[in-house]
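Student: pasting the structure only:
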């Protein structure tokens with residue numbers, strides 16, 4: 001799927017626990033005898049954040065901070081909302097950000113003042129630690145690696161202290177779980193530099209357990225924990241893809257009106273090659289992404305591009321073109337990430353159109369049409385790949401392997417990832433259908449290793465080799 005929809009989800013899920021009110025999300029107080037519900041700014045901020053309305057969330061958390069200037073909770077959520085907004089609107093850039101930096105300075109001041117009076121205030125420690133971890137990520141993007149490592153180490157210490165005081169405090173348990181997991185997954189070369197860069201160590205099994213504890217609980221951050229737990233269960237270390245889908249589906253049940261959560265489900269469905277399911281989830285997200293403003297417009301553009309990608313995967317070319325038109329019609333400026341996604345999908349559409357000259361694309365090509373295309377454009381690897389797929393669907397594994405061998409022979413070294421990975425993945429399917437399991441596994445391993453191949457997770461799932469300790473992902 002477009003590569004910034006999932007970062008938007010990660011920005012919501014990864015460290016979204018933050019320090020917040022202990023009241024359940026969406027709770028409010030109804031004045032006696034009124035029959036109406038009064039929401040606090042903190043409640044309204046969380047509602048906006050969960051729906052992807054970062055501008056609204058920042059405004060509401062600012063109101064909450066002004067109403068309770070001694071509390072670090074709303075200031076942390078203001079900081080986190082701006083971090084989320086940057087991740088969605090601007091991607092991972094290194095630009096200066098006065099809003100983020102100001103919110104961070106305010107959080108450090110407020111949390112430090114609270115801790116000076118009450119050193120064992122667990123919620124203040126959670127806010128402090130969560131803010132420092134967010135700052136560490138931003139400083140790493142800016143290239144300030146020493147400061148990033150120092151902030152991460154200090155943040156971990158604050159979170160550990162919070163959990164020592166209150167072991168079940170979700171506002172500390174969730175970010176601590178995320179930090180434990182990701183700190184343990186950094187490359188070996190970075191691990192060797194830890195003493196010099198002040199990077200804290202991690203514990204991925206413990207991190208998974210901490211995140212699952214929150215996901216299985218009944219707290220305010222249950223939905224975010226399910227999102228993050230699903231993302232981790234679907235990574236290359238766990239490879240528990242069906243269990244990950246289940247976590248995303250549970251998150252949808254808990255937040256049925258969130259386009260961001262729908263996008264997360266669509267993302268894993270797309271990666272697993274389930275184009276029809278992914279399209280339906282993207283469309284469900286679009287139905288929940290109404291409203292004006294640049295944030296909603298960008299979300300709809302991403303969701304339309306995701307829809308286009310799902311339709312392209314299924315060779316429904318005319319429908320993909322319609323989705324492109326809907327994406328372009330959104331009155332928002334393209335970010336660099338949006339533009340990269342559009343160009344990538346445009347190139348795929350062009351190659352698939354060239355493989356079937358004169359084909360209107362209103363429905364996916366049949367096997368007979370794929371046969372004709374390979375005769376009309378014998379040098380098209382895309383046409384040979386589709387023919388291999390259609391022969392597999394028809395039970396002709398030998399014919400499929402022959403077509404896929406031809407696709408590999410005519411495919412250039414600079415073939416796009418969807419083509420290079422797709423040919424190899426399908427070739428493995430053909431080998432498996434012929435009973436050649438060793439050759440099939442070799443193909444699937446190669447497909448899983450194709451950089452930026454959107455169905456690499458599907459290839460890994462076929463290998464049926466979940467990582468050690470991944471049983472925690474099983475319900």
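Tutor: Received the coordinates, thanks. Predicted model, so just to flag it, every value in this text is computed and none were measured.

Student: how about the helices in the stretch 201-350 of the chain?
Tutor: Secondary structure of the stretch 201-350 of the chain (DSSP state H, counting those that start in this stretch): helices located at 204-215, 222-233, 241-254, 259-271, 275-287, 294-313, 317-329, 336-355.

Student: care to break the chain down by domain?
Tutor: 5-26+34-272, 287-364, 367-464 (automatic domain parsing).

Student: I'd like those as a markdown table, with mean neighbour count and mean pLDDT appended.
Tutor: In this view, the C-beta of every residue, glycine as well, is placed from N, C-alpha and C. Listed next are the domains of the chain as a markdown table, based on neighbours: other C-beta atoms under 10 Å; pLDDT from 0 to 100:
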| stretch | mean neighbour count | mean pLDDT |
| --- | --- | --- |
| domain 5-26+34-272 | 21 | 80 |
| domain 287-364 | 18 | 91 |
| domain 367-464 | 19 | 97 |
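
Student: which among the helices of the stretch 201-350 of the chain is found nearest to residue 415?
Tutor: helix 336-355 (9.2 Å; C-beta to C-beta).

Student: centre of the chain to the helix or strand containing residue 81, how far?
Tutor: Taking DSSP states H and E as the definition, one finds residue 81 inside helix 72-89. On the basis of C-alpha atoms, centre = their mean, to the nearest Å, the separation between the geometric centre of helix 72-89 and that of its chain is 17 Å.

Student: and the helix or strand just after that helix with helix 72-89, angle?
Tutor: The helix or strand immediately downstream of helix 72-89 is helix 98-117, counting by DSSP H and E. With axes from the mean of the first three to the mean of the last three C-alpha atoms, to 10 degrees applied, the angle from helix 98-117 to helix 72-89 works out at 160 degrees.

Student: list the helices and strands helix 98-117 packs on?
Tutor: helix 72-89, helix 122-141 (3 or more C-beta pairs under 8 Å, 6 or more residues apart in numbering; DSSP states H and E).

Student: any chance of the ones you listed in TSV, plus distance to residue 471?
Tutor: Listed next are those as TSV, based on distance: least, C-beta to C-beta, whole Å:
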stretch	distance to residue 471
helix 72-89	31
helix 122-141	28
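
Student: so which of those is nearest residue 45?
Tutor: helix 72-89 (6.0 Å).

Student: ok, and what's touching stretch 233-247?
Tutor: 185, 204, 208, 215, 226-227, 229-232, 265, 268-269, 271-272, 457, 460-461, 463, 465-467, 470, 473-475 (C-beta atoms under 8 Å, 6 or more residues apart in numbering).

Student: can you tell me the distance between the two ends of that stretch?
Tutor: Taking C-alpha to C-alpha, to the nearest Å as the measure, stretch 233-247 stretches 9 Å from start to finish.

Student: returning to that earlier point: turn the domains of the chain into JSON lines, columns for distance to residue 279.
Tutor: Output for those, formatted as JSON lines (distance: least, C-beta to C-beta, whole Å):
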{"stretch": "domain 5-26+34-272", "distance to residue 279": "8"}
{"stretch": "domain 287-364", "distance to residue 279": "4"}
{"stretch": "domain 367-464", "distance to residue 279": "14"}
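
Student: can you report phi and psi for residue 385?
Tutor: Dihedral pair for residue 385: phi -60, psi -50, per degrees, to the nearest 10.

Student: brain fart, residue 414
Tutor: Torsion angles, degrees, to the nearest 10, at residue 414: phi -100, psi 20.

Student: how far away is it from residue 408?
Tutor: The gap separating residue 414 from residue 408 is 14 Å, by C-beta to C-beta, to the nearest Å.

Student: which of the helices and strands packed on helix 98-117 sits closest to residue 364?
Tutor: Evaluated over those, closeness to residue 364 peaks at helix 72-89, with 32.3 Å, by C-beta to C-beta.

Student: which helices and strands does that closest one pack with?
Tutor: helix 5-13, helix 41-50, helix 54-67, helix 98-117, helix 122-141, helix 294-313.

Student: one more time with 10 Å
Tutor: helix 5-13, helix 41-50, helix 54-67, helix 98-117, helix 122-141, helix 170-184, helix 294-313, helix 336-355 (3 or more C-beta pairs under 10 Å, 6 or more residues apart in numbering; DSSP states H and E).

Student: residue 260 is nearest to which of the ones you listed?
Tutor: Nearest to residue 260, of the helices and strands packed on helix 72-89 and by C-beta to C-beta, is helix 5-13 at 5.7 Å.

Student: take the helices and strands packed on helix 72-89 and write them to a markdown table, including distance to residue 327.
Tutor: As requested, the helices and strands packed on helix 72-89 are arranged in a markdown table below (distance: least, C-beta to C-beta, whole Å):
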| stretch | distance to residue 327 |
| --- | --- |
| helix 5-13 | 12 |
| helix 41-50 | 24 |
| helix 54-67 | 20 |
| helix 98-117 | 28 |
| helix 122-141 | 27 |
| helix 170-184 | 31 |
| helix 294-313 | 4 |
| helix 336-355 | 7 |
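
Student: for residue 395, which of these is the nearest?
Tutor: helix 294-313 (22.0 Å).
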